[in-house]
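>>> Give the three-dimensional model of this entry:
(chains A, B and C)
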Amino acid sequence: MIDSSLRWVDDRLGIAKGGRTFLDKIFPDHWSFMLGEIALYSFVVLLATGVFLSLYYIPSAHEVVYHGSYIPLRGQRVSEAYSSSVGLSFDVKSGLLMRQAHHWAADIFLGSIAVHMARVFFTGAFRKPREFNWIVGVTMLILGIVNGFLGYSLPDDLVSGTGIRIAYSIIESIPLVGSYLGYFLFGGNYPGNGVIIPRFYILHVLIVPLLILGLLAAHLGLLVKQKHTQFKGKGKTEHNVVGSPMFPTFIAKTTGFLFMVSAVIFLLGGLAQINPIWQFGQYEPYQISYAVQPDWYMGWLDGALRIMPSWEWVGWGHTIPLEVFLPAVIFPGIVFNIFIIWPFIETRHTKDLAYHNLLDRPRDRPKRTSAGAAMLTMLFMTFFASSTDVMANFFEIPLNWVLWFFRFAVVIAPIIAYVLTYKICNEMRAAEGVGKRKRALIVSRSSTGEYSTVESEPRPGDGVEELEAIPVPTYIDLVPPELATGEGVRRVMR
Amino acid sequence: MLKTRYLAPVALVGAVGIVGVLAFSPGAVTAGATPNAVSAPTTTLPQLTTTATTATPIGQPSVPSASGVLKYNAPSNQTGLFYVELPKAFEAPGQALFSANCSSCHGPEALGTTRAPNLQGLGAGTIDFWVSTGRMPLANSSIQATRKPPRFNRLQTLEIAAWVQSLTPGEGVPVPVVNTNQADLEAGNTLFTLNCAACHTITGAGDALTDGAYAPSLHLATTQQVVEAIRSGPGNMPHFSQGNITNTEARDIAAYVDGVIQHPSDRGGFGLGGIGPVGEGFVGLLLGVGVLMLVCFWIGDRT
Amino acid sequence: MSDESPHLEGPLPPAALDDAHLQPYARHPEGAQAVAAVAMIIGFIGFIGFGVAYWIGDNTQWEAITLGVGLLALGFGATAWGKYLMPQGPFVEERHAFHSTEAERDAMTAAITERGGMVVKRRKLLGGLFLLGSTAMGVVLLFPLIRSLGPKPGDTLFKTNWKKNSQLVTVDGRAVTANDLDVGGVLTVFPKGFEGSSPDQVILIRLAQLGPFDPPYPIAPPGHTAWGVQGYVAYSKMCTHLGCPVGLYQEQTQQLVCPCHQSIFNVNAGAVPEFGPAPRPLPQLPLTVDSAGFLRSQGGFNQAVGPGFWERP
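This is a model prediction of the structure:
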């Protein structure tokens, strides 16, 4: 029956040849190649839970009186956005589970992009011919961060509303056009005429997800066309891919993984509270809470804003608030641009124009690895700098000390990281058999008194014997061997 | 299936997870709270949600529990908050306690020395706040006194307060008696957000101020202590007089702290310390992404 | 990387069923199957559990546990099937050079340059005019996208609703008198009629208990002593860094701290920033007391409130 249906479809679409190639496609098995899948599947959960939420959330700043079941808010005038978000959390069945799963999925989506990007960077997978894919990936990271910010600002609660105020001021700080852009986007002087919530909404549920989906299709399409990279090893060359076939092995494993990623997200979504907006209350621009941080993927920007000294340029009748413009506009601009053009920076430096389908071990490229470690360290420093007040409180040290520490750390720590990483890479390359279990030396003494050593046999678990890789068989002889006649092979006819 | 290659990554994620859970559990993140702090007098757990559309009263009257003071009947006036004058009989034992425990720093007439401030004119309510929260007697001179188990029982505390008040009768903040039965939680919510959240955070977790000072967590405060603090403005806290926060409003704030801040609706699960994205990022990255990376480690190969 | 794309030279011989590559990875396939089967059964039960949890109540934790366990177990079973019971491989496929041959590339370049060049060179005028028209279209289509979004700032960033004799009221509309605050008291106020308006938010602090005939409380520059009254001082509550409400008043150290990024302002000296990223002092609101004892403003602010922007002199 499969045969006849396939023929029917192929008559019309011609999919059999490409389909077969697709099913035979090989996926290398290294665990670090699955990090991108965490991102992909958490995005799937985002879309699914997002659809659910969009059926209840009301994107309006129009004020209503809250009449839901959370008593401390009863009778308060709140925006419909806030009211519907609290309503989702208390008065819609499984609404809170979906809301929290959506938020956890966003955190995990961006976290897994970060580790995936690190893997791609440190193994040099962005080199020719994969520069396009790297740029597509970085763009998705930027869009993901933006969409996360837009998303958690939708409930119009006290904590995220503070973030919107900060975003307005950042836009305002842009020289020449800042005040215009802010007025345009918000519909007036902050908080604007209420149009920002519906604008954030349509950006968050339609425009940015469409962009991400398009880029995702390009990302996966490039992956199919250029095939996956792989680590060096037995039987692996620049001209082949060794691993498991798409069907049935990879599909089974990846479907299972999709379920497991969803499981972790939903378990967090119901067991670990995230963004309890009912505790925060409706946003009012004259109210504020302490210990307010943005979600983790914006933390590096908030930290940069905190540690920046208060340098404001005033002259010739104008002001450029450098204490805002530099950390919030220029700094991320530089960082993202470095990310995007890195493949070309590296080609310029190494003059290496060859195709690369085999991956580097990070230690084999000490300069790249150290540069990456330094960048990561700097981003970590700005990230931790976002929680200066919480850290001062938790560790019981004065706030001012914490701030000064980070002002120096953000410059000094990356330098230390670069030097340390460089040295460690070189050490690891110089040492034989680093990371592998050493074989014992059996010392024996001859009758004349000489000592001699001989290496022992490897332990049974070490040195896994791998089979030679074969192409995916076109046909499998499903006749068991004991029934085969021995003169040749019979093909099973259906 | 269980190979030694899983040992290091599982141990790493597990250790980080345990540290994170301990760090962000409710007791650990509250500012200034010591492990042995006395918990607030228990009220029945208030119901924070209901399907009825009429507000239901919550909480129980918070009256001083020491014997002798219970002669003051449960208040029946509208504001739910009134101030008491402590009985004269408290003053003599109060003086004795004061000279034995407090006069070495505050002086025999509570006029203050180089080590400690003048207490005259502050009122019995102020003294009651500092002593009943255990901040006084001071354990060691640091930037800010910390809440700790009170040295004196309720009766002794009120005796000391009565004596100090008697030095300047009528001045300062008297001891309040708070009845939250008719409190308006919604008003308390609004007032708390506007007046208190900027220092104590919107969830009452507390946070650091400048130069080593901090706004403490509100998770252990009684309604009486809340009103005393509002009126007397201890340390860096502003003084909110009746023209600023009326008695009714103070009562509503106290009810909100008692009912909602101390018993938040953590409907979504484990509260992660109530400090927002810092705890959430920790859990999401280290537990969420970390566990999933372990799963990748299991599914994939090392080569 | 070879330039030729090798093709299959006819079909490969069928693989034998006992080929090592087709065997499961597990050393004890029956055991592995049992484990995967148990996992899938747990998954099934989990999903049924979620259905039950959904219908009988709305406990988020139970919904999460049942759904999570269901997904985790079923996923584990499927993954275990794929990893331990399916053909272990490894399999290989060749990478074929996907770039085109030199001849193909030349032909493509020629298609663009020769045919295109032929046409455009002959009709330079048309090409130029089309380009001109398209550019104009591109530019003007941006106008509705950007300009229609909102109003121009004009000078509205420099104005608030604080005028001469505006009455100070709380967010509930209650008028503030000179007796309302104790020393060390702090209150958020607005001009009457504009309660809750963001640019107008002002923080009122009482620094001293002074009467109408006492000398004024000294406020050091850049603050103005004459703008305080009876020990009161008022500053714009909008932080000059990024606009957060500066609601944290430290009474003992006489500092206003912005909770967002910990800028610290000296209340006794015109809210000048002492630490942190804020660049300018909080604008001070000049105060006065009217004959009935109500606090009023002498006038508006003398500068734009809030964060810096290009047009700010």
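
>>> I'd like the distance from the longest helix along chain C to the chain centre, please.
When chain C is scanned for its longest helix (criterion: DSSP state H), the result is helix C:29-56. Centroid displacement of helix C:29-56 relative to its chain, using C-alpha atoms, centre = their mean, to the nearest Å, is 40 Å.

>>> sec struct for the residue lying closest to residue C:86 once chain neighbours are set aside, please.
Nearest-residue entry for residue C:86: residue A:249, 4.6 Å, with adjacent residues in sequence omitted and distances by C-beta to C-beta, 6 or more residues apart in numbering or on different chains. C-beta: built from backbone N, CA, C; applies to glycine. Here residue A:249 is recorded as helix under DSSP: H, G, I helix; E, B strand; the rest coil.

>>> Was I right to think residue A:249 contacts residue C:84?
No. Between residue A:249 and residue C:84 no contact is recorded; they are 10.6 Å apart, counting by C-beta atoms under 8 Å.

>>> So if I had to pick from the two, which one is more boxed in?
Neighbour tally, residue A:249 and residue C:84, criterion other C-beta atoms under 10 Å in any protein chain shown: the higher count belongs to residue A:249, 24 against 20.

>>> Quickly note the distance from the more buried one to residue A:181.
52 Å (C-beta to C-beta, to the nearest Å).

>>> mind checking pLDDT for the residue nearest to residue C:86?
pLDDT, the model's per-residue confidence, is 91 for residue A:249.

>>> In contact with it, which residues are there?
By C-beta atoms under 8 Å, 6 or more residues apart in numbering or on different chains, the contact set of residue A:249 is C:82, C:86, C:87, C:89.

>>> please redo it, this time with the cut-off set to 7 Å
The neighbourhood of residue A:249, defined by C-beta atoms under 7 Å, 6 or more residues apart in numbering or on different chains, consists of C:82, C:86, C:87.

>>> and what of residue B:295?
residue A:260.

>>> What mean pLDDT does the strand or helix carrying it get?
Of the helices and strands defined by DSSP states H and E, residue B:295 is found in helix B:290-299. Along helix B:290-299, the predicted local confidence has a mean pLDDT of 93.

>>> Next, the buried residues of that helix.
When neighbours are counted by 16 or more other C-beta atoms under 10 Å in any protein chain shown, the buried residues of helix B:290-299 are found to be B:290, B:291, B:292, B:293, B:294, B:295, B:296, B:297, B:298, B:299.

>>> out of the residues you listed, who's nearest chain C?
Taking C-beta to the nearest C-beta as the measure, chain C sits nearest to residue B:299 out of the buried residues of helix B:290-299, at 5.8 Å.

>>> didn't that closest one look like it was pressed against residue C:82?
No. In this structure, residue B:299 is not within contact of residue C:82 by C-beta atoms under 7 Å, at 8.3 Å.

>>> still on that earlier bit, which helices and strands does the longest helix of chain C pack with?
Based on contacts counted as 3 or more C-beta pairs under 7 Å, 6 or more residues apart in numbering or on different chains; DSSP states H and E, the elements that helix C:29-56 packs against are helix C:60-80.

>>> what about dumping the CA coordinates of the helix or strand that the helix it packs on is followed by to CSV?
Beyond helix C:60-80 in the direction of the C-terminus, DSSP H and E gives the next helix or strand as strand C:91-94. Output for strand C:91-94, consisting of C-alpha atoms alone and laid out as CSV, is shown next (Å, rounded to 0.1, in the frame of the first residue of the first chain):
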residue,chain,number,x,y,z
PHE,C,91,26.8,4.6,8.0
VAL,C,92,28.5,6.9,5.6
GLU,C,93,27.5,9.1,2.7
GLU,C,94,29.7,10.9,0.4
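
>>> Give me the distance from strand C:91-94 to the chain's centre.
Computed by C-alpha atoms, centre = their mean, the chain-centroid distance of strand C:91-94 equals 46 Å.

>>> and it, anywhere near chain B?
No. Using C-beta under 7 Å from any C-beta of the partner chain as the criterion, no contacts between strand C:91-94 and chain B are found, and the smallest distance is 13.6 Å.

>>> what about dumping the CA coordinates of the helix or strand just after that strand to PDB?
Per DSSP H and E, strand C:91-94 leads on to helix C:102-110 as the next helix or strand towards the C-terminus. Coordinates of each C-alpha in helix C:102-110 appear next as PDB, following Å, rounded to 0.1, in the frame of the first residue of the first chain:
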ATOM      1  CA  GLU C 102      33.600  26.300 -14.100                       C
ATOM      2  CA  ALA C 103      31.700  26.000 -17.300                       C
ATOM      3  CA  GLU C 104      28.400  26.400 -15.400                       C
ATOM      4  CA  ARG C 105      29.700  29.400 -13.500                       C
ATOM      5  CA  ASP C 106      30.900  31.100 -16.600                       C
ATOM      6  CA  ALA C 107      27.600  30.500 -18.300                       C
ATOM      7  CA  MET C 108      25.800  32.100 -15.300                       C
ATOM      8  CA  THR C 109      28.000  35.100 -15.200                       C
ATOM      9  CA  ALA C 110      27.600  35.500 -19.000                       C
END
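
>>> Show me what the helix or strand immediately after helix C:102-110 in the chain is in contact with.
Proceeding N to C from helix C:102-110, the next assigned helix or strand is helix C:117-122, under DSSP H and E. Residues lying outside helix C:117-122 but in contact with it, judged by C-beta under 7 Å, 6+ apart, are residue C:127.

>>> Need the nearest residue in space to the residue in chain C positioned nearest to chain A, chain neighbours excluded.
Nearest residue of chain C to chain A (C-beta to the nearest C-beta) works out as residue C:64 at 1.9 Å. Excluding its sequence neighbours, the residue lying closest to residue C:64 (C-beta to C-beta, 6+ apart) is residue A:270, at 1.9 Å.

>>> Kindly report the same for residue C:15.
Computed as C-beta to C-beta, 6+ apart, the closest residue to residue C:15 that is not its neighbour in sequence is residue A:473, at 3.5 Å.

>>> likewise residue C:250?
Spatial nearest neighbour of residue C:250, chain neighbours left out: residue B:236 (4.2 Å); criterion: C-beta to C-beta, 6+ apart.

>>> how many other residues sit next to that neighbour?
Residues lying near residue B:236 (other C-beta under 10 Å) number 22.

>>> which residues touch it?
By C-beta under 7 Å, 6+ apart, residue B:236 lies in contact with B:209, B:213, C:250, C:251, C:252, C:253.

>>> For residue B:139, see how far away it is.
Here the distance between residue B:236 and residue B:139 works out to 19 Å (C-beta to C-beta).

>>> cool, and residue C:156?
When distance is defined by C-beta to C-beta, residue C:156 is 55 Å away from residue B:139.

>>> can you give me the helices for the stretch 51-200 of chain B?
B:91-101, B:103-106, B:124-132, B:154-167, B:185-195, B:197-200 (DSSP state H, counting those that start in this stretch).

>>> Can you add distance to chain A and give those helices back as a markdown table?
Rendered in a markdown table, the data for the helices of the stretch 51-200 of chain B read as follows (distance: least, C-beta to the nearest C-beta, whole Å):
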| stretch | distance to chain A |
| --- | --- |
| helix B:91-101 | 26 |
| helix B:103-106 | 23 |
| helix B:124-132 | 21 |
| helix B:154-167 | 27 |
| helix B:185-195 | 4 |
| helix B:197-200 | 4 |
